[in-house]
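Undergrad: Got a predicted structure plus its sequence, pasted below:
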Amino acid sequence: MLIRDRIFDRLDKMNMTQKTFSELTGIPQSTVSDWRKKRTNPTAEKIMIVCEVLKVTPEWLLSGIEPQGKRGKAPKKQVVDLQTDTGLLIECYNSLDQSSQAHLLGYAMGLKKMQEEKKN
């Protein structure tokens, strides 16, 4: 089974239309339709958002296999909507020079520590 096959199988299981999938991922309907008609797969930069919307891991989407057990470290990745506060913060951070990024990260870690101390 190929990536596109797993995508369309998952869409069927979720009772999700291609239109809804397109809206949730931001991938044009024509592109999603091409995956089915032309038997092509999504490009690499679309994999994470596809996984997020389909609620699957990249490992499953790419291979059809879920990692078993806890022998390996699970990848720590997130897909963030850039129109949220988190997305805005990430865009702001990425626009800063290295020194400013370090200051911002230090400030955020300090706030986190203060909040944790308040809980105790």
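TA: Yep, it's here. Numbering: from 1, shown residues only.
Undergrad: And for residue 45, the neighbour number?
TA: Counted with other Cβ atoms under 10 Å, residues neighbouring residue 45 total 7. In short, each C-beta sits where N, CA and C put it, glycine included.
Undergrad: i'd like the first residue to be 836 from this point on
TA: Sounds good: first residue 836 from here, last item residue 880.
Undergrad: Model confidence for it, exactly?
TA: Residue-level confidence at residue 880 comes out at 88, pLDDT.
Undergrad: Show the average pLDDT along stretch 854-871.
TA: 93.
Undergrad: Check the offset of it from the chain's centre.
TA: 16 Å (Cα atoms, centre = their mean, to the nearest Å).
Undergrad: and residue 942, what does it touch?
TA: By Cβ atoms under 8 Å, 6 or more residues apart in numbering, no residues touch residue 942.
Undergrad: Look up how far residue 929 lies from it.
TA: Counting by Cβ to Cβ, to the nearest Å, the separation of residue 942 from residue 929 is 16 Å.
Undergrad: Can you give me the buried ones in stretch 861-878?
TA: Using 16 or more other Cβ atoms under 10 Å as the test for burial, stretch 861-878 gives 862, 867, 870, 876-877.
Undergrad: How about residues contacting it?
TA: 837-839, 842-843, 853-854, 856-857, 881, 884-885.
Undergrad: Just the buried residues out of those residues, in PyMOL syntax.
TA: Burial among the contacts of stretch 861-878 is assessed by 16+ other Cβ under 10 Å; the matching PyMOL selection reads:
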select buried, resi 838+839+842+843+853+856+857+881+884+885
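Undergrad: Let me know the average pLDDT across the longest helix seen in the chain.
TA: What stands out as the longest helix in the chain, according to DSSP state H, is helix 933-954. On average, the pLDDT along helix 933-954 is 90.
Undergrad: Now it - C-alpha only, PDB.
TA: C-alpha atoms of helix 933-954 as PDB (Å, rounded to 0.1, in the frame of the first residue of the first chain):
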ATOM      1  CA  GLN A 933      20.600  34.300  17.600                       C
ATOM      2  CA  SER A 934      21.300  36.500  20.600                       C
ATOM      3  CA  SER A 935      17.700  37.700  20.800                       C
ATOM      4  CA  GLN A 936      16.400  34.200  20.400                       C
ATOM      5  CA  ALA A 937      18.600  33.100  23.400                       C
ATOM      6  CA  HIS A 938      17.300  36.000  25.500                       C
ATOM      7  CA  LEU A 939      13.700  35.200  24.600                       C
ATOM      8  CA  LEU A 940      14.200  31.500  25.400                       C
ATOM      9  CA  GLY A 941      15.800  32.300  28.700                       C
ATOM     10  CA  TYR A 942      12.900  34.600  29.600                       C
ATOM     11  CA  ALA A 943      10.400  31.900  28.700                       C
ATOM     12  CA  MET A 944      12.200  29.300  30.800                       C
ATOM     13  CA  GLY A 945      12.300  31.700  33.700                       C
ATOM     14  CA  LEU A 946       8.600  32.300  33.500                       C
ATOM     15  CA  LYS A 947       8.000  28.500  33.400                       C
ATOM     16  CA  LYS A 948      10.100  28.000  36.400                       C
ATOM     17  CA  MET A 949       8.300  30.700  38.400                       C
ATOM     18  CA  GLN A 950       5.000  29.200  37.500                       C
ATOM     19  CA  GLU A 951       6.100  25.800  38.600                       C
ATOM     20  CA  GLU A 952       7.300  27.200  41.900                       C
ATOM     21  CA  LYS A 953       4.000  28.900  42.500                       C
ATOM     22  CA  LYS A 954       2.200  25.500  42.100                       C
END
